[in-house]
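Participant: Structure of the sequence below:
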Amino acid sequence: MRGFITPLAILSSYALLSGAASFPLAKPDHDGLIQCLTSVHLDSVLTSSTSYAQDAAAFNARLKWKPAAIVYPQDANGVAAAVKCGAAHNVKVNARGGGHSYAAHGLGGEDGHLVVSLDNLRHLSMDGTNAIIGAGNRLGDVALYLWNNGKRAMAHGTCPFVGIGGHAGQGGFGPASRFFGLLADQVVGMDIVLANGTLVTASATAHADLFWAARGAGASFGIITSFTTVTQPAPDSYAFEYTFPNFSAAEASKGLRAWQQFSSDKTRPVDARLGLELHVVPGGKHGAVFSIKGAFYNADAAQANATMAPLLKELGSDYTLVSTQQNWIESVLAVAGTAAQTIDELNTQGRKDTPDFFFATSTFVSQNDQLGARSADALMNYLYNRGGSSKVQWFVFMDLYGGGASAVTSRAADFNAFDARDALYSIQYYGTIPDTVKPADGVKFIQGMKDAVELNQPRTTFKEYVNYIDTTYSRGVAHKKYYPTHTGRLTQLKQMYDPKRVIHHPNDF
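Facilitator: Coordinates of the predicted model:
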């Protein structure tokens, strides 16, 4: 795939990177769009519809985009018909799966788009040990189906309401990803409707260039209607959380650097079966609380304790420990972030997640250029001091991607369009902004967390995770942050598959 050549290859880098701006759609014909959708038996939710406000509501309640129309096709043919209508009438088109895009790109990320909701594409089946998953499914439903059909599993994120489409299409990290890989890495085939309304199947042997692009930058290359993924025998795990309620900011900084060193130690590589996280949340007597949590798959307490002992030696003994041995579906439920008490509550059919008024952004810390004391100190001082007094309901989660024989970082840098195979860990900075805080002030407060890290390490070029998309970025900045080495190839492929930018969002190629 790296040898892919078309006449477009002779274009200059400038022309490639400005391609999206070079092919704007003509003036949209919204009346013609509605007539077209009606002619193919797709009922439209319009601005005049009584259900419009509910149907057009974003998970991120801070964002208020106004689609021209929303349709709910029953199958892939209906999706194709909708895309053809959008293309014919110069209206930009987006898919909405679970609707959890932090920038509400499922609603277009701006006004005036045709939203193709995939809510009805929830088929699930097994083909041997592979799963065939309709793109309208949520992660909770997928996990429950796999468990109930042979005790199978795959690595994916934690929120049961997140749709598989955007999650897998743009990476898809989860607690078991060091063991099994990103969700995008576990996809072996997909059905995708292209910008001209053609439905194709993409895999390593068919439309391989499209398959490469859609596993990491999927929102730009069509509407994926179905995924085929590998699955694994569902592993048991030992889950644990060490909480250090009395840590000061200085001790938390030391703890972060100890966790970083432990995770990257080549003389004692961290087992790939271990999913490991570092959390900082508001609370405690010093303004914030530091904790280390993880799930060790196909392992018991003795193995976990022996593995964690070197890190705990550095962190000290003033901690509380909560731990449990659990099967796979219990582990999915435990990190679901809901009040769910039984596994049946992973079923999201007929239910919607509660919207949140928030801002988030991220940092990838490279295995080759880790955080120094200055950045770690600045971050923890910010969290423990400014964070301790803020009215914003924030958290900072760090997820281990690399270290040892991680299935994430063992892949080649160009395995698919996901562009951070050198990452040791990610940092997600997230804040729910209450009514008592001006939105701009809440955004600035969360941005200050990232600034504490990145501005104190100015010679480091930090990447970021597109599924924690930063709504303040221009298209150019987004490309540098999310696809620093892949933007050129992605832009070339976008020009090949969607020259008129029918499938489009503000960070498109």
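
Participant: so is residue 394 in a helix, a strand, or just coil?
Facilitator: With DSSP: H, G, I helix; E, B strand; the rest coil as the basis, the three-state label of residue 394 is strand.

Participant: so which strand or helix has the nearest residue to residue 124 once chain neighbours are set aside?
Facilitator: Excluding the flanking residues, the one nearest residue 124 by CB to CB, 6 or more residues apart in numbering is residue 145, at 4.6 Å. C-beta here means a position set from N, CA and C on the backbone, and glycine is covered the same way. Element membership for residue 145 (DSSP states H and E) is helix 139-148.

Participant: Now do the buried residues in that helix.
Facilitator: Buried residues in helix 139-148, counted by 16 or more other CB atoms under 10 Å: 139-147.

Participant: any chance of those in JSON lines, with distance to residue 166 too?
Facilitator: Below are the buried residues of helix 139-148 laid out as JSON lines (distance: CB to CB, whole Å):
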{"residue": "139", "distance to residue 166": "11"}
{"residue": "140", "distance to residue 166": "15"}
{"residue": "141", "distance to residue 166": "15"}
{"residue": "142", "distance to residue 166": "14"}
{"residue": "143", "distance to residue 166": "17"}
{"residue": "144", "distance to residue 166": "20"}
{"residue": "145", "distance to residue 166": "19"}
{"residue": "146", "distance to residue 166": "19"}
{"residue": "147", "distance to residue 166": "23"}
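
Participant: Can you name the two of these that sit furthest apart?
Facilitator: Longest distance between any two of those is 12.4 Å, between 139 and 147; criterion CB to CB.

Participant: Export stretch 106-117 to CSV, keeping only CA atoms.
Facilitator: Output in CSV follows, covering the C-alpha atoms of stretch 106-117 (Å, rounded to 0.1, in the frame of the first residue of the first chain):
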residue,chain,number,x,y,z
GLY,A,106,-22.1,13.0,13.5
LEU,A,107,-24.3,16.1,13.1
GLY,A,108,-21.8,17.6,10.6
GLY,A,109,-19.7,19.7,13.0
GLU,A,110,-21.4,22.7,11.4
ASP,A,111,-24.9,23.6,10.2
GLY,A,112,-26.7,22.5,7.1
HIS,A,113,-25.6,18.8,6.6
LEU,A,114,-27.7,15.7,5.9
VAL,A,115,-27.3,13.4,8.9
VAL,A,116,-27.6,9.7,8.1
SER,A,117,-28.4,8.0,11.4
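
Participant: how about it: buried residues?
Facilitator: Using 16+ other CB under 10 Å as the test for burial, stretch 106-117 gives 106-110, 113-117.

Participant: Over to stretch 182-200?
Facilitator: Going by 16+ other CB under 10 Å, stretch 182-200 has these buried residues: 182-187, 189-195, 197, 199.

Participant: Select from those residues every entry located in helices.
Facilitator: Of those, the ones assigned to helices by DSSP state H are 183-186.

Participant: Could you dump these into TSV and include pLDDT and distance to residue 215?
Facilitator: Putting those into TSV (pLDDT from 0 to 100; distance: CB to CB, whole Å) gives the following:
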residue	pLDDT	distance to residue 215
183	98	9
184	98	4
185	98	7
186	98	10
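
Participant: And the strands in the stretch 351-500 of the chain?
Facilitator: Assigned by DSSP state E, counting those that start in this stretch, the stretch 351-500 of the chain shows strands spanning 358-366, 393-400, 423-432.

Participant: cool, the stretch 1-150 of the chain as well?
Facilitator: All strands of the stretch 1-150 of the chain, identified by DSSP E, counting those that start in this stretch, fall at 44-45, 69-71, 93-96, 114-117, 124-127, 130-134.
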